[in-house]
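[1] Need coordinates for the below:
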Amino acid sequence: MNTFDFGIVGLGVMGRNLLLNIASQKFAAAGLDLDAEKVNSLQQEADAGHTLEATTDVTHFVGLLQRPRAIMLLVPAGKPVDSAIQSLLPHLEEGDIIIDGGNTYFTDTDRRFLELSAKGIHFFGMGISGGEKGARFGPSMMPGGDKKAYERLRPIFEAIAAKVDGEPCVEYLGNGSAGNYVKMVHNGIEYGIMQLISEIYDLMKRGYNLDEDTIQKTFEEWNESDLKSYLIEITSHILKQKDDNGQRLINQISDWAKSKGTGKWTSQNAMDLQVPIPTIDAAVVMRDMSKSKPERIEAAKKLIWNTDASAVNTAEAIDSLKETLFFAILITYAQGLAQLRTASKEYNYELNLETVTKIWRGGCIIRANVLEDFRKAFAADPNLANILLDDAIAEKLNQSQAGTRAVIQFAVQKGLPVAGLMNSLAYFDAYRSENLPTNLIQAQRDYFGAHTYERIDAPGVFHTEWND
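    Here you go, the predicted structure:
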């Protein structure tokens, strides 16, 4: 007893695979689940060389773990997390560590952090990205909490994490709920990039009338370019998949998109912080729009836009689409990273954005080659206010904006919805505008509400009696 290195509560897909990953790295791993079938299933999956035990009994589970105990919760966010904590507390001692590995809203993590600190228990909120395969063979992990307590976890987490250039895709990120917050923004960026890829796919198919083989091969080729990323890679695989009838499966899948809410959380909190993330906002909106299928079917018959077919140079179109997707993906990352910078100051996380971009390079859903460029930019200037201000990134955007503008103009003329692409370009154009027309908004606010304004030619706060 008391010899196991690590415990996991919740032996669903993620919990089971993480536990097997830990055992594969020669750590002794214990699992707890109230479902006896899941416990038995895990025991059967374990290899002979694994030191692994699973149980339905919380007392036995806690008794297996060496002190200070390290226990990860992989249960649904919300009340199940609080219930799991309450079931463990009578068996824990001062100095023990609980890690919430789910997609928990960061304010819940802050609450639990304070409640458990008062009892002498260290609490971590840790984002985990990579899905089922990542959990088993190497995820990206984003832990936040007590830095000193992290040393107990570090050897295990570094062993099981994905590796890029020999570096583990896990590192202590910051205080309190920093880990959950970073994962939330990660998911917001994920929403944005998925939306952008879907818009490019739609343009290829309905806009430029490219055949399905060409579309699939294009994504495959792009994954060997500066667009190389997990989401581009899986898109090329998806577009190749056929169903039992020999038809491309993608054409049989409903366009009614679902979500678990993390993208919405990112948008809501960005508005609280007054950080503009319009591409991510558009991605959330378009998932919501997808749910109005019956209305869209009716609207398609009544709201008509006809445009003449035009000859298309396929090679030129593909080049422009590539530029557009690259441009918009860079902008999406920039928005998320800007949100992290502001949140770090607001919530005292003390985030290091070089570290964040480094651990996103492998294992996670938004991993991409371009993250190494971001890491280098933050390494050169840790105080960079926005990744768009880095000279190398700015040059990449300048080189790809002509194609981006051409593609968006084409989409508008065709009547195709490209909210993500449009919002990316609008963010770029607003950010590079030394002067915005918001001076008129200030005047309007003062006109109808006496809200005052500031002048560019004199210090102070002013109000005008406009009706005079």
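[2] who touches residue 112 in this structure?
    Contact analysis of residue 112 by Cβ atoms under 8 Å, 6 or more residues apart in numbering lists 81-82, 85, 100, 123, 125. No exception for glycine: its C-beta is placed from N, CA and C like everyone else's.
[3] could you pull out the strands for the stretch 101-250 of the chain?
    Here the stretch 101-250 of the chain has its strands, by DSSP state E, counting those that start in this stretch, at 122-129, 140-144, 163-164, 167-168.
[4] Check which helices and strands the first one is in contact with.
    In terms of contact count using 3 or more Cβ pairs under 8 Å, 6 or more residues apart in numbering; DSSP states H and E, strand 122-129 is assigned the packing partners strand 97-100, helix 106-117, strand 140-144, helix 147-160, helix 178-202.
[5] how far out from the middle of the chain is it?
    Relative to the mean C-alpha coordinate of its chain, strand 122-129 is positioned 15 Å out (Cα atoms, centre = their mean, to the nearest Å).
[6] That one pairs with which strands, and in what direction?
    Paired neighbours of strand 122-129 in the sheet (DSSP bridges): strand 97-100 (parallel), strand 140-144 (antiparallel).
[7] average pLDDT across the longest one?
    For strand 140-144, mean pLDDT rounds to 95.
[8] Ok, stretch 369-389 next?
    96.
[9] same deal with stretch 218-235?
    Average pLDDT, stretch 218-235: 97.
[10] Just the C-alphas of it, formatted as CSV.
    Extracted in CSV, the C-alpha atoms of stretch 218-235 (Å, rounded to 0.1, in the frame of the first residue of the first chain):
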residue,chain,number,x,y,z
THR,A,218,-5.2,20.3,-51.9
PHE,A,219,-5.6,19.9,-48.2
GLU,A,220,-3.2,17.0,-48.3
GLU,A,221,-0.6,19.1,-50.1
TRP,A,222,-1.2,22.1,-47.8
ASN,A,223,-0.3,19.9,-44.8
GLU,A,224,3.2,19.7,-46.3
SER,A,225,3.5,23.5,-46.5
ASP,A,226,3.6,26.4,-44.0
LEU,A,227,-0.1,25.4,-43.2
LYS,A,228,1.1,22.1,-41.7
SER,A,229,-1.1,21.5,-38.7
TYR,A,230,-3.3,18.8,-37.1
LEU,A,231,-6.6,20.4,-38.2
ILE,A,232,-5.4,20.6,-41.9
GLU,A,233,-4.1,17.0,-41.6
ILE,A,234,-7.4,15.5,-40.3
THR,A,235,-9.4,17.6,-42.9
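[11] I'd like the numbering to begin with 11 instead of 1 from here.
    Done: numbering now begins at 11, and the last item shifts to stretch 228-245.
[12] Now do the buried residues in that stretch.
    For stretch 228-245, the neighbour count (16 or more other Cβ atoms under 10 Å) marks 228-230, 232-233, 237, 239-243, 245 as buried.
[13] Same list (those residues) but as CSV, adding distance to residue 146.
    What follows is those, written out as CSV (distance: Cβ to Cβ, whole Å):
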residue, distance to residue 146
228, 31
229, 26
230, 25
232, 27
233, 23
237, 27
239, 21
240, 16
241, 20
242, 23
243, 18
245, 22
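[14] Farthest-apart pair in the residues you listed, please.
    Longest distance between any two of these is 17.2 Å, between 228 and 240; criterion Cβ to Cβ.
[15] before we move on, the earlier item: which one of the contacts of residue 122 sits closest to residue 84?
    Closest approach to residue 84 among the contacts of residue 122 (Cβ to Cβ): residue 110, at 8.6 Å.
[16] so who does that closest one touch?
    82-83, 91, 119, 122, 133-136, 190.
[17] tell me which of those residues is nearest to residue 183?
    Closest to residue 183, out of all of those and judged by Cβ to Cβ, is residue 136, at 9.0 Å.
[18] That closest one bridge partners, please.
    For residue 136, the beta-bridge partners under DSSP bridges are residue 153.
[19] isn't it right up against residue 108?
    No: the pair residue 136 and residue 108 fails to qualify as a contact (Cβ atoms under 8 Å) at a distance of 10.5 Å.
[20] Name the residues contacting each of these two.
    residue 82.
[21] Which element, helix or strand, includes residue 314?
    Taking DSSP states H and E as the definition, residue 314 sits outside all helices and strands.
[22] Mind checking which of the buried residues of stretch 228-245 land in helices?
    228-230, 232, 240-243, 245 (DSSP state H).
[23] Make TSV from those and add distance to residue 286 to it.
    Listed next are those as TSV, based on distance: Cβ to Cβ, whole Å:
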residue	distance to residue 286
228	31
229	29
230	34
232	28
240	26
241	23
242	26
243	30
245	27
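[24] Give me the helix or strand of the protein that scores worst on average pLDDT.
    helix 46-55 (a mean of 83; mean pLDDT, DSSP states H and E).
[25] Alpha carbons of the helix or strand containing residue 41, as PDB, please.
    If you go by DSSP H and E, residue 41 is part of strand 39-42. C-alpha atoms of strand 39-42 as PDB (Å, rounded to 0.1, in the frame of the first residue of the first chain):
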ATOM      1  CA  ALA A  39      -1.000   4.200 -11.600                       C
ATOM      2  CA  ALA A  40      -4.300   3.700  -9.700                       C
ATOM      3  CA  GLY A  41      -7.800   4.300 -11.000                       C
ATOM      4  CA  LEU A  42     -11.200   4.900  -9.400                       C
END
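[26] low-scoring pLDDT stretches of this structure, where are they?
    Where the chain drops to pLDDT under 70, the residues are 11, 478.
[27] Regarding it, what is its longest helix?
    Across the chain, the longest stretch assigned as helix under DSSP H is helix 324-357.
[28] list the buried ones in that helix?
    327-328, 330-351, 353-354, 357.
[29] Check stretch 89-109 too.
    Of the residues in stretch 89-109, those buried by neighbour count under the rule 16+ other Cβ under 10 Å are 91, 94-95, 98, 101-102, 106-109.
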